[in-house]
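*Asks:* coordinates only, sequence not included:
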């Protein structure tokens, strides 16, 4: 943990201590901190688009893809200019440049189906504009209306810190599925983090790296996504190899779709990827899981 990260966690540590949580438990939980990037359409929340933070991409916009990439099967969410991200803003081995395109349908489906995809476009790659509605080949009107409600506009970045959002208490029998499996004070620590996070850095609908977040804080979203990826591979709907060990995976990005898309208020999209695939830039191997509480 860097001195800057420790300083930014001071409100959390103070809150946890005020709740009577022993100092050793607070420090043990604090040691799991991970850097991440929070992305929002403006840096000050007033909607005028002139807030703080560099523009590093955008929600929506033209869909530009290399000619050899087929039309994605899910709606286009956002593009990220990796070269514009703040230096060392995450602990992910992301490429230093190029664009990362995120696709997702913010609705739950079968447990063995990915609900999105990721495309990496290296810098200098020739691209052509595609039909943004090609994923909706059956022209379903309700799906078209949903896609029109997707957010649009420049994305500004803020360097952030991330702590676990899930309790992980029930994970004692599943090593590696949570940051601190079976930690006896995890529920209180998560509550302290939730109470103080908004004062540490601005929240946004899109996050790169860090820990996954969703409404169901009793479960680890990455663990759920991994179990779905394993089932998808076993059912023949996802190419292997797929590791069932959660420690072999990382959160690539989170999107709280409910912040922007009417009718999907409780939906959160998680893009996860195996560490070795990320290191090898095999972004086509990312798996997308969606939490939704209708």
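*Replies:* That came through, no problem. Quick caveat, the model's predicted, so the values are computed rather than measured.

*Asks:* which residue ranges of the stretch 151-294 of the chain form strands?
*Replies:* Per DSSP state E, counting those that start in this stretch, the stretch 151-294 of the chain carries strands over the ranges 153-162, 206-209, 249-255, 268-274, 287-291.

*Asks:* now these in TSV, with mean pLDDT, mean neighbour count and distance to residue 55?
*Replies:* For glycine as for every other residue, the C-beta is placed from the backbone atoms N, C-alpha and C. Shown next, in TSV, are those (pLDDT from 0 to 100; neighbours: other Cβ atoms under 10 Å; distance: least, Cβ to Cβ, whole Å):
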stretch	mean pLDDT	mean neighbour count	distance to residue 55
strand 153-162	90	22	5
strand 206-209	94	24	13
strand 249-255	95	26	17
strand 268-274	94	25	21
strand 287-291	91	26	25
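
*Asks:* right, and those - which one's nearest residue 115?
*Replies:* Taking Cβ to Cβ, strand 287-291 is the member of the strands of the stretch 151-294 of the chain nearest to residue 115, at 4.7 Å.

*Asks:* by contact count, what packs against the closest one?
*Replies:* Counting contacts by 3 or more Cβ pairs under 8 Å, 6 or more residues apart in numbering; DSSP states H and E, strand 287-291 is packed against strand 99-104, strand 116-121, helix 221-234, strand 268-274.

*Asks:* deepest of the ones you listed, which one?
*Replies:* Mean neighbours per residue, mean count of other Cβ atoms under 10 Å, is largest over those for strand 268-274, with a mean of 25.

*Asks:* parallel or antiparallel, list what pairs with that one.
*Replies:* Counting by DSSP bridges, the strands paired with strand 268-274 are strand 249-255 (antiparallel), strand 287-291 (antiparallel).

*Asks:* which sections of the stretch 101-250 of the chain are below the confidence cut-off?
*Replies:* Along the stretch 101-250 of the chain, segments meeting pLDDT under 70 span 108-111, 167-182, 198-204, 217.

*Asks:* need the contact list for residue 39.
*Replies:* Each residue near residue 39 by Cβ atoms under 8 Å, 6 or more residues apart in numbering is listed here: 56-57, 78, 80, 155-158, 204-208.

*Asks:* now for the residues you listed: which two are most distant?
*Replies:* Within those, 78 and 158 form the most distant pair, 15.6 Å apart (Cβ to Cβ).

*Asks:* alright, that wraps it up for me.
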